[in-house]
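Asks: pasting the sequence and the predicted coordinates here, then a few questions.
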Amino acid sequence: MIFGLLPPTFRYRPEATPTMRRLRVFMERFFGGNPGLVLARLAIISLIVGVVLAALGFSPYDLVQTVRDLIQRLYDMGFAAVEKGFRYFLLGAVIVFPIWFLMRVFKVFGGGDASSDELVPPEREPHVAGSAKESPKPSPAAGQ
């Protein structure tokens, strides 16, 4: 075994410290298993997918350019929608804000507004358990 030939400071110790143990657990969680095996599987799958796409006539440049075009179209369409929404906002604001402003001015200077007392609901009498208004329950013997 090669590890027996190395000096003790160079020996492989996978569980040497709690920090290394946490790092190994994190890497296995992140990759979904042993990182080396996962990377090997990804390389094999990439090779197979590359052969299939080459047989269909695709190239990596075509795919990258298609993704770039898609992102550019989404970006342009998104800002067009934002611009259209802003135009609708301005169209409504031209009407709504002056009306709101005039209502506030007339409320402050006109004095013909409803007082704040009229906006408060009337107080209800507190409900007390066992009040005299409760009707007594008939006893089962009273009906006989």
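Replies: That came in fine, so what should we check first? Numbers count the residues shown, from 1 in each chain.
Asks: can you give me the helices for this structure?
Replies: Here the chain has its helices, by DSSP state H, at 18-31, 35-55, 60-110, 116-119.
Asks: any chance of those in JSON lines with mean neighbour count and mean pLDDT as columns?
Replies: To be clear about C-beta, it is placed using only N, CA and C from the backbone, and glycine gets the same treatment. Conversion of the helices of the chain to JSON lines gives the following (neighbours: other CB atoms under 10 Å; pLDDT from 0 to 100):
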{"stretch": "helix 18-31", "mean neighbour count": "11", "mean pLDDT": "84"}
{"stretch": "helix 35-55", "mean neighbour count": "11", "mean pLDDT": "89"}
{"stretch": "helix 60-110", "mean neighbour count": "10", "mean pLDDT": "85"}
{"stretch": "helix 116-119", "mean neighbour count": "7", "mean pLDDT": "53"}
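Asks: how much space separates Val51 from Asn34?
Replies: 26 Å (CB to CB, to the nearest Å).
Asks: could you do Phe106 as well?
Replies: In terms of CB to CB, Phe106 sits 75 Å off from Asn34.
Asks: now do Tyr61
Replies: From Tyr61 to Asn34 the distance is 34 Å (CB to CB).
Asks: cool, and Met103?
Replies: Met103 is 70 Å from Asn34, by CB to CB.
Asks: same check, this time on Leu63
Replies: 30 Å.
Asks: and what of Met27?
Replies: For Met27 relative to Asn34 (CB to CB), the value is 9 Å.
Asks: so which residues make contact with stretch 52-65?
Replies: Stretch 52-65 is contacted from outside by no residue at all, using CB atoms under 8 Å, 6 or more residues apart in numbering.
Asks: over to it now: how far is its first residue from its last?
Replies: End-to-end span of stretch 52-65 (CA to CA, to the nearest Å): 19 Å.
Asks: do the same with stretch 26-38
Replies: Span of stretch 26-38 from end to end, CA to CA: 14 Å.
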